[in-house]
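**Student:** what's the 3D shape of this:
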Amino acid sequence: MHRRSLLAALGASGAVLSGCLTSHGPDDGSDGGETNDTGSDDGPNGDGSDSRSTTTGYEACTAGPEVVPVSNLPPAAETEATTAIETDAYETDGDLILESLVDLESYHLIQGGSYYEATVERDDGETRLVLEPSLPTASHLEVENATDESVSLGVRVELGGETLLDREVSLDPGEERPLADADYRYGSYRADLETDKQAETLEWRVNESIWQPVIVVTPEEIRLRQDVAEIVYCDWDDEGRLKPV
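**Tutor:** Numbering: from 1, shown residues only. Predicted structure coming up:
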């Protein structure tokens, strides 16, 4: 049985996901909000982002990956997020600036290589922000039979060391099929794959820039086809304006 580790550079498509220009990506060293929209309804900006001014004077970004590095936030919002991460919650008598910047029901924040999902609680004029570790949802795996004969493929996939799926898939020649009924998340994957002629162990990662691969059965090998995107994160200046792409 062969074992391979798929790096981001392999099978890269060179796609670009752009939101707002970032001066720096996630500071990982490694590998439901409500927006007050009083800005223009003219549509996407000329720089490719879809931003709108809010009643706080900050610009909201709705383009690009639904992940925002905490270090890319303007100082006041960065303080809100950092406090929530380090002390379990951030509380204020007013509104959260963070809610004016991103849709907290859709976006995750990232700091130190960890992803966080936001919960906002309101009670008697007090607003409470809680950020809990949570891996964003990822797209599903697909399998493809690139041979000229029918194939029965045994697929066992682990995510972070836990079994995600374990099944047998029958594929006609040239058939491509999604493996959709599993809880795919960002993280490190390992797959043990076997036909009556071949056996392979493959490893890969998935995040906002590395997409879920297609497992391809060829006459010579079982391999991965995976796309990689060049990510441009939302990024703000100290005044809360989006930096241009």
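**Student:** Leu73 contacts Trp236, correct?
**Tutor:** Yes: between Leu73 and Trp236 there is a contact under C-beta atoms under 8 Å: 6.2 Å. Yep, even glycine has a C-beta here, placed from its N, CA and C like the rest.
**Student:** and Arg121, what does it touch?
**Tutor:** Check again: residue 121 is Glu, not Arg. If you count contacts by C-beta atoms under 8 Å, 6 or more residues apart in numbering, Glu121 has them with 127-128, 130.
**Student:** Give me the common contacts of Leu73 and Trp236.
**Tutor:** Leu101.
**Student:** picking that back up, what's the PyMOL line that selects buried ones from the contacts of Glu121?
**Tutor:** Selection of buried members from those for PyMOL, criterion 16 or more other C-beta atoms under 10 Å:
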select buried, resi 127+130
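**Student:** what about stretch 142-159, how long is it end to end?
**Tutor:** Across stretch 142-159, the terminal residues are separated by 15 Å (C-alpha to C-alpha, to the nearest Å).
**Student:** Now do that stretch, average pLDDT.
**Tutor:** Over the span of stretch 142-159, the pLDDT mean works out to 98.
**Student:** Also stretch 224-234?
**Tutor:** Stretch 224-234 carries an average pLDDT of 94.
**Student:** Buried residues, it. List them.
**Tutor:** Quick answer for stretch 224-234 (16+ other C-beta under 10 Å): 224, 226, 228-229, 231-234.
**Student:** Kindly report the same for stretch 92-101.
**Tutor:** In stretch 92-101, counting by 16+ other C-beta under 10 Å, buried: 95-101.
**Student:** measure it end to end?
**Tutor:** Stretch 92-101 has its terminal residues 17 Å apart, counting by C-alpha to C-alpha.
**Student:** Any stretches of the chain with poor pLDDT?
**Tutor:** Scanning the chain for pLDDT under 70 picks out 1-56.
**Student:** Please parse it into its domains.
**Tutor:** Listed by automatic domain parsing, the domain ranges of the chain are 2-10+137-230, 16-136.
**Student:** now the helices: where do they sit in this structure?
**Tutor:** Assigned by DSSP state H, the chain shows helices spanning 75-87, 98-101.
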